[in-house]
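S.K.: A predicted structure for the sequence below; I have some questions about it.
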Amino acid sequence: MGYQFLEIKFIWLLGGVIVFAVLFFLLWKWKRKVIQRIGDAHLVKALTGNFSSKLFSLKSGMLSLAFVVGVLAVMDLRKPGSTEGIERKGIDVVIALDVSKSMLATDLAPNRLERAKQLINKLMEEMPDDRIGLVVFAGKAYLQMPLTTDHAAAQLFVSSAAPGAVPQQGTVISDALKMSANAFNPAERRFKAVVLISDGEDHDPAAIETAKELSAQGMMINTVGIGSPEGAYIPDPETGQNKRDETGSQVISKLNEEELKQLAQNTNGVYVRLEDSDNAVKELKAQLSQIETKAFGDVSLMNFDVYYGWFALAMFLLIVGEYFIPETKKQKA
């Protein structure tokens with residue numbers, strides 16, 4: 001990684017040089033017109049004999065250069081310093097976690113959601129060199145945490161995941177997959193994996209087609225089924241009673257394995273039913289290890305040599321220097 005501008009978006013400001021050139025040309029043209037209006041050649045020579053077009057051009061050039069240097073200062077040129085201990089090997093993995101209320105079912109103790117969190121934490125412990133992102137979803141998907149190697153921060157985000165994080169209920173897996181895809185760098189077409197953890201309770205007809213499209217873009221989707229085919233009641237945290245449907249019957253939430261299996265099969269991923277966390281992590285690790293690892297610099301930990309101050313100083317000296325340069329020639333003794 002060589003020199004780079006942190007704020008390259010301000011490069012358009014360099015177009016201001018054209019504005020400066022036009023203004024200086026108009027000023028020069030205005031002076032010519034004033035001279036022509038005077039008419040008297042002897043008077044013009046007396047008034048403008050000491051004027052130096054070279055000095056005028058020099059002052060104009062210095063101001064233009066000061067503007068360019070100022071824009072470069074704003075663009076913040078930098079160069080990575082020491083990279084010792086920074087370069088890593090790893091892959092990018094986005095974990096899509098279902099936080100719908102059905103994840104509160106207790107067929108996995110203490111409940112599905114808590115067991116899912118335990119699984120995620122164990123998986124991160126086994127992936128110290130990988131960048132992890134977190135998407136939470138129910139009736140809608142949200143990027144809870146962008147890709148990062150800061151697994152301690154990731155654990156905090158995981159621990160706070162709850163049904164209340166997504167007001168709209170349901171299990172829209174297709175939205176979760178799209179949001180997961182958006183978390184990756186679009187310029188890279190490899191080394192991307194998603195671990196989707198859900199009970200798959202609500203059938204999402206768009207999920208399979210979305211998965212196929214993302215697989216064509218180089219994304220592997222691994223799915224983890226949470227719950228049991230027999231199902232369990234869903235406790236309501238607010239009332240302490242089991243959730244009931246419109247008829248007043250208690251709702252039983254069942255694991256929808258078929259859809260989760262199809263998602264994995266269509267994207268070269270693996271389906272794992274969570275029963276024992278250690279075994280589930282082992283299966284996921286084995287699948288993820290098939291993805292080629294890549295080297296990437298952890299920019300958040302990298303020290304940079306910055307040159308903003310040098311550009312700012314150069315701009316200041318050019319402006320001051322231009323101020324003290326006259327437009328007239330020195331009088332001969």
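M.R.: Perfect, thanks for sending it.
S.K.: just the strands in this protein please.
M.R.: Listed in chain order, the strands of the chain (DSSP state E) span 4-5, 77-80, 87-90, 92-98, 131-137, 141-148, 192-198, 219-225, 232-233, 252-253, 271-273, 294-297, 304-306.
S.K.: mean pLDDT lowest for which of those?
M.R.: Set side by side, these give their lowest mean pLDDT on strand 294-297, at a mean of 54.
S.K.: show me the contacts for residue 237.
M.R.: Going by C-beta atoms under 8 Å, 6 or more residues apart in numbering, residue 237 touches residue 104. To be clear about C-beta, it is placed using only N, CA and C from the backbone, and glycine gets the same treatment.
S.K.: now do residue 104
M.R.: Shown in contact with residue 104 (C-beta under 8 Å, 6+ apart): 111, 112, 113, 163, 234, 235, 237.
S.K.: From the residues you listed, which shows the smallest pLDDT?
M.R.: residue 237 (73).
S.K.: Please report how far that residue lies from residue 91.
M.R.: 36 Å (C-beta to C-beta, to the nearest Å).
S.K.: And for residue 113?
M.R.: When residue 113 is compared with residue 91 (using C-beta to C-beta), they lie 26 Å apart.
S.K.: So these two - more neighbours on which side?
M.R.: residue 113 (24 against 21; other C-beta atoms under 10 Å).
S.K.: All the helices of the stretch 1-150 of the chain, residue numbers only.
M.R.: Using DSSP state H, counting those that start in this stretch, the helices found in the stretch 1-150 of the chain span residues 16-38, 41-48, 53-75, 112-125.
S.K.: For these, give me TSV that also has distance to residue 324.
M.R.: TSV is the format used below for the helices of the stretch 1-150 of the chain (distance: least, C-beta to C-beta, whole Å):
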stretch	distance to residue 324
helix 16-38	19
helix 41-48	22
helix 53-75	10
helix 112-125	62
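S.K.: of all those helices, which lies closest to residue 312?
M.R.: helix 53-75 (4.8 Å; C-beta to C-beta).
S.K.: which one among the contacts of residue 104 gets closest to residue 71?
M.R.: Checking these one by one against residue 71 (C-beta to C-beta), the nearest turns out to be residue 163, at 49.4 Å.
S.K.: ok, back up a step: just name the most buried of the helices of the stretch 1-150 of the chain.
M.R.: helix 112-125 (a mean of 20; mean count of other C-beta atoms under 10 Å).
S.K.: looking at the helices of the stretch 1-150 of the chain, which one has the lowest mean pLDDT?
M.R.: When I compare the helices of the stretch 1-150 of the chain, helix 41-48 is least confident, with a mean of 60.
S.K.: Please name the residues that touch the residue nearest to residue 270 when sequence neighbours are not counted.
M.R.: Leaving aside its chain neighbours, residue 270 sits nearest to residue 287 (4.3 Å; criterion: C-beta to C-beta, 6 or more residues apart in numbering). Residues near residue 287 by C-beta under 8 Å, 6+ apart: 220, 222, 269, 270.
S.K.: could you dump those to TSV with neighbour count?
M.R.: Listed next are the contacts of residue 287 as TSV, based on neighbours: other C-beta atoms under 10 Å:
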residue	neighbour count
220	23
222	24
269	24
270	20
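S.K.: Which one of the residues you listed is nearest to residue 229?
M.R.: residue 270 (19.1 Å).
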